[in-house]
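Asks: sequence and predicted structure below; questions after.
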Amino acid sequence: MAENSQNRALSEEELQDLVASSDAGARDPAGGVGTMLAIVAVVWSLFQVLLASPLANYVLPGDVINNSRQVHLAFAVFLAFMAYPAFKSSPRHYIPIADWIMALAGAFIALYGFIFYQKIVDAGGLADDVDKWFALAGLLLLFEGARRALGPAMAIIAVIFLGYVFFGSSEIVPDVIRWKGASLKKAMSHMWITSEGVFGIALGVSTKFVFLFVLFGALLDKAGAGNYFIKMAFGALGHLKGGPAKAAVVGSAATGLISGSSIANVVTTGTFTIPLMKRVGFSSEKAGAVEVASSVNGQIMPPVMGAAAFLMVEYVGISYVEVITHAFLPATISYIALVYIVHLEAVKNNMPTLGNRVVSMGRTIGGMALFFVGFAGLCYGVQYPVRWIVAAVPDNSGLILSILIFVAYAVLLKLAASVPDLEPDDPNAEEVELPVVGEIYRSGLYYLLPIIVLVYFLMIEQKSPGLSAFWATMLLFVILLTQRPLKAIFRGQSEMANAFKDGVVDLVQGLIDGARNMIGIGLATATAGVIVGTVTLTGVGQVMADLVEFLSGGNLILMLVMVGLLSLVLGMGLPTTANYIVVSSLMAGVVVELGAQSGLIVPLIAVHLFVFYFGIMADVTPPVGLASFAAAAVSGGDAIKTGFVAFFYSLRTVALPFVFIFNTDLLLIDVTWMQGILVFVTASIAILVFTAGTMGWFLTRSRIYESVALILIAFVLFRPDFVMNRLQPPFAVVEPAAFTTALGEAKAGDEMRLIVSGPDFDTGETKETTLVLPITGDGSAEDRLADFGMLLIEDGDAVNMDEPAFGSPFSDTLSSFDFYGDNPVQIASVKAPADQMPKEVIFIPALILLAFVAFLQRARMSKTGEPA
């Protein structure tokens, strides 16, 4: 970054080197060694594809399938030492002998559990004196590989946690986090031999799901989809005011399907979008910031989110479909707000349009909305003909459906062959000819087929993410091998052999790119496993919970701020996936528990998304926001200033997690279709109003009081329950002695809340938690108590609780209470549902106030002639 400190835009070659050094490894040896590394990368990709296929159990040995995490890590460690130089001064065109030794040793030790599987099983999964030294060597090599691929922060944090395992009993460790310590044998057994540490859930998710999605993105990009999406975005939006910036936002949202890397997104789309943004009046820093904000948000955009989304599946215990359903609305309105930010910037500075075509914004937005609705309808509607075919010919339905997909592909490819292939444009040309959507859309419609297949299997068939990505990847194999030859046939050209050869080269390069892009993710999930293993071995998670609760004084808002700051600080040196693993392992349970103590029931998925959002913000935030540095390298602007502007543009990404923690309607939790549509409409209005308030511009430049009013309106639209609950409390307080009576009188569909107070099992100190009792059926109070597994003992006006039955709904929640101490666990208070108007009534005064602000600004515009 030294060269960029002089605010010089990097050349294309330097930019590609920047992406390679951060995402895929900067070393590129020539000759036989380079060929060998390419073969290893291709073999890794093909192994992962085969592992995800329905044929895996028939083709691969059972031992390989059972130990696939070890194989996955062996490839990642080997390629890390091959692809990433040890230091900036290390050679890039050949591999030193020391790196060969570490690569081979690392791969062998990663496979140690596979090679000596029977020995480890016979020992009961415990390490012996030989195992512990191999495990220690494996950890050291893993940390060195992570240092090279991910930077020093990941390795340093892992070493600190590992040091705590060994030296946690030292007197220099504060009493609050001191523990008894562990022997080398016990620690290495936990970290390397069992599935509690390195080979835990995170690496398993990387092996089963993440690789296939990264490979899917690499192949889709190699097929040409990235250029097509950018061209379409510029064709649709480039002619509007601030059009290049709007196109950058939409194009980056689309390329978020292809790349899970913020830096790769910035460089791929930014080399075209940033110069055009500068041409219409954006400063270098603002142009870079728009690209950063839109590229980073690509990781939160369903249906293909970052690796963290797949980890949520395992950590939260819900399906991938549920994860992306909950993530959909915040991601969508976040992008809507970013387009609006760009529009306001263009209006405030009266920026010129690009090109000489006059385009209606209303028709453009309507056309894009129609496309997305049509695409969603196609993904949903395809299930009906599929069901008819399966019902008609169940034995051969797979073959028939494959033929139909190929026919659809051939028809769309013939359509593409009728227009010239899309070539990347030069954004620095004197005359910029923006593409016309009506002329270019046909050239890439077939790129939508793999996405439709992916969404269909994920959302309609609800297959596993790995199997869904496998079928979509298989279609991409076909597309890469056949698109060039078939286009040549449709165009009447005779270069069939060369066209097929080029297709094979594209496929092989896509397989290599997918593998190299996975090196960092594989090492990140493995190294983060050490941190997770430390938490499970030492119990430091509970200590952290107590510490955070103490620092926050039990205040949920303050604790959420602390969790957000922790995510930002850790994220300054960690990739998003590793950041998410660390913070969610330490803090997710704390937020849920403290929320319950405060009377707020926070769904676990809301906490995990909260951590995820702040984790991706670390790519933006100075002084280490890597995406901001990449954007500055493209724009020639100041990296730190670019980061601060990008953070300001990303305020909605900071605000939304706090909103959906308290209003889970935004995550579409327990809402009907009609409620979901209303939530989408009001949330979209709210985020636009919030954006206008923070940007200081609505219909015209806002006065201070108008900006304050707009932010207040946005808050009310996001949190109507906050206002309604103060006008009409949702619950009536019932005396504990009357709990049984109130429970018997409750109607099916009601929800009662029970505040339980009692001594903590570990500390003996009195604490509280809130239980939510959903009422179902028409049973008596005794029947309902039995369903909840509750045993109550009346003691005068007090109602004591006995330990709930094992496996009952609240046995886990109440397991932290001491039911056998001197002080009883008892019901502190009961909240029964009270009559309350629908919270949506609050929207009416909020919208009236919004109309009043609009009226004031329109009146001022007509009176003073201020620009709109």
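Replies: On my side now, so go ahead. Numbers count the residues shown, from 1 in each chain.

Asks: tell me which other helices or strands the biggest helix by length in the chain touches.
Replies: If you go by DSSP state H, the chain has its longest helix at helix 496-538. With contacts taken as 3 or more Cβ pairs under 8 Å, 6 or more residues apart in numbering; DSSP states H and E, helix 496-538 sits against helix 31-52, helix 68-83, helix 129-150, helix 152-167, helix 201-205, helix 211-223, helix 465-490, helix 576-597. All C-beta atoms are positioned from the backbone trio N, CA, C, and that covers glycine.

Asks: what segments of this protein are strands?
Replies: For the chain, the strands defined by DSSP state E cover 731-734, 751-759, 766-774, 791-795, 798-802, 825-833.

Asks: compute the inter-axis angle for the last one and strand 766-774.
Replies: Orientation check (axes from the mean of the first three to the mean of the last three Cα atoms, to 10 degrees): strand 825-833 against strand 766-774 gives 40 degrees.

Asks: tell me what strand 825-833 is packed against?
Replies: Looks like strand 825-833 contacts strand 731-734, helix 739-745, strand 751-759, strand 798-802 (3+ Cβ pairs under 8 Å, 6+ apart).

Asks: what's the closest of those to residue 141?
Replies: Among the helices and strands packed on strand 825-833, strand 751-759 comes nearest to residue 141, with 46.9 Å by Cβ to Cβ.

Asks: ok, that closest one: who's next to it in the sheet?
Replies: strand 766-774 (antiparallel), strand 825-833 (antiparallel) (DSSP bridges).

Asks: weakest of these in terms of mean pLDDT?
Replies: Here the lowest mean pLDDT among the strands paired with strand 751-759 goes to strand 766-774, at a mean of 86.

Asks: got the buried residues for it?
Replies: In terms of neighbour count (16 or more other Cβ atoms under 10 Å), strand 766-774 has its buried residues at 767, 769, 770, 771, 773.

Asks: and if you look at stretch 140-155?
Replies: Neighbour counts over stretch 140-155 (16+ other Cβ under 10 Å) mark 141-151, 153-155 as buried.

Asks: ok, back up a step: would you list the strands of the chain in JSON lines and tack on distance to residue 514?
Replies: Formatted as JSON lines, these follow (distance: least, Cβ to Cβ, whole Å):
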{"stretch": "strand 731-734", "distance to residue 514": "53"}
{"stretch": "strand 751-759", "distance to residue 514": "47"}
{"stretch": "strand 766-774", "distance to residue 514": "44"}
{"stretch": "strand 791-795", "distance to residue 514": "56"}
{"stretch": "strand 798-802", "distance to residue 514": "55"}
{"stretch": "strand 825-833", "distance to residue 514": "53"}
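
Asks: okay, now residue 805: neighbour count?
Replies: Neighbour count for residue 805, taken as other Cβ atoms under 10 Å: 14.

Asks: and it, how far is that from residue 755?
Replies: Note on residue 805: its distance to residue 755, by Cβ to Cβ, to the nearest Å, is 21 Å.

Asks: same check on residue 737?
Replies: Residue 737 is 14 Å from residue 755, where distance means Cβ to Cβ.

Asks: when these two are compared, which one has more neighbours?
Replies: When residue 737 and residue 755 are compared for neighbours, residue 755 comes out ahead with 18 against 15, by other Cβ under 10 Å.

Asks: next up, the contacts around the more buried one.
Replies: 599, 768, 769, 770, 771, 827, 828, 829, 830, 831 (Cβ atoms under 8 Å, 6 or more residues apart in numbering).

Asks: which residues does the second one bridge with?
Replies: Under DSSP bridges, the beta-bridge partners of residue 768 are residue 757.

Asks: thought it was touching residue 760?
Replies: No - contact between residue 768 and residue 760 fails when scored by Cβ atoms under 8 Å: they sit 10.4 Å apart.

Asks: quick check: residue 853 vs residue 860, distance?
Replies: 11 Å.

Asks: what's the answer for residue 130, then?
Replies: Taking Cβ to Cβ, one finds residue 130 at 80 Å from residue 860.

Asks: next one: residue 771
Replies: In terms of Cβ to Cβ, residue 771 sits 53 Å off from residue 860.

Asks: residue 479: how many residues sit nearby?
Replies: Neighbour tally, residue 479, other Cβ under 10 Å: 26.

Asks: quick one, grab the pLDDT at it.
Replies: 95.

Asks: give the contact list for it.
Replies: Residue 479 touches 223, 409, 446, 449, 450, counting by Cβ under 8 Å, 6+ apart.

Asks: so how far is residue 797 from the residue nearest to residue 794 when sequence neighbours are not counted?
Replies: Nearest residue to residue 794 in three dimensions, chain neighbours excluded: residue 737, at 6.9 Å (Cβ to Cβ, 6 or more residues apart in numbering). Residue 737 is 5 Å from residue 797, where distance means Cβ to Cβ.

Asks: sorry, back to before: please indicate which of the contacts of residue 479 has the highest neighbour count?
Replies: That'd be residue 450 among those, by other Cβ under 10 Å, with 27 neighbours.

Asks: could you list every residue that touches that one?
Replies: Taking Cβ under 8 Å, 6+ apart, one finds 216, 220, 472, 473, 475, 476, 479 in contact with residue 450.

Asks: roughly how far apart are it and residue 384?
Replies: Relative to residue 384, and taking Cβ to Cβ, residue 450 is found at 21 Å.

Asks: the residue nearest to residue 794 against residue 795, yeah?
Replies: No - the pair residue 737 / residue 795 is not scored as a contact, 9.6 Å apart, by Cβ under 8 Å.

Asks: circling back: let's have the helices and strands packed on helix 496-538 in TSV, adding distance to residue 120.
Replies: As requested, the helices and strands packed on helix 496-538 are arranged in TSV below (distance: least, Cβ to Cβ, whole Å):
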stretch	distance to residue 120
helix 31-52	22
helix 68-83	11
helix 129-150	7
helix 152-167	20
helix 201-205	17
helix 211-223	25
helix 465-490	26
helix 576-597	25
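
Asks: least confident of those helices, on average?
Replies: Looking at the helices and strands packed on helix 496-538, the bottom one is helix 576-597 with a mean of 77.

Asks: okay, it in PDB with CA atoms only?
Replies: In PDB, the C-alpha atoms belonging to helix 576-597 read as follows (Å, rounded to 0.1, in the frame of the first residue of the first chain):
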ATOM      1  CA  THR A 576     -15.700 -12.200   8.000                       C
ATOM      2  CA  THR A 577     -16.100 -15.900   8.500                       C
ATOM      3  CA  ALA A 578     -13.500 -16.200  11.300                       C
ATOM      4  CA  ASN A 579     -14.800 -13.000  12.900                       C
ATOM      5  CA  TYR A 580     -18.400 -14.500  12.900                       C
ATOM      6  CA  ILE A 581     -17.200 -17.800  14.400                       C
ATOM      7  CA  VAL A 582     -15.300 -16.100  17.200                       C
ATOM      8  CA  VAL A 583     -17.900 -13.500  18.200                       C
ATOM      9  CA  SER A 584     -20.900 -15.700  17.900                       C
ATOM     10  CA  SER A 585     -19.200 -18.500  19.900                       C
ATOM     11  CA  LEU A 586     -18.400 -16.000  22.700                       C
ATOM     12  CA  MET A 587     -21.400 -13.700  22.700                       C
ATOM     13  CA  ALA A 588     -24.500 -15.100  21.000                       C
ATOM     14  CA  GLY A 589     -25.700 -17.000  24.100                       C
ATOM     15  CA  VAL A 590     -24.900 -14.000  26.300                       C
ATOM     16  CA  VAL A 591     -27.200 -11.700  24.300                       C
ATOM     17  CA  VAL A 592     -30.100 -14.300  24.400                       C
ATOM     18  CA  GLU A 593     -29.600 -14.800  28.100                       C
ATOM     19  CA  LEU A 594     -29.300 -11.200  29.000                       C
ATOM     20  CA  GLY A 595     -32.300 -10.400  26.800                       C
ATOM     21  CA  ALA A 596     -34.400 -13.000  28.700                       C
ATOM     22  CA  GLN A 597     -33.300 -11.400  32.000                       C
END
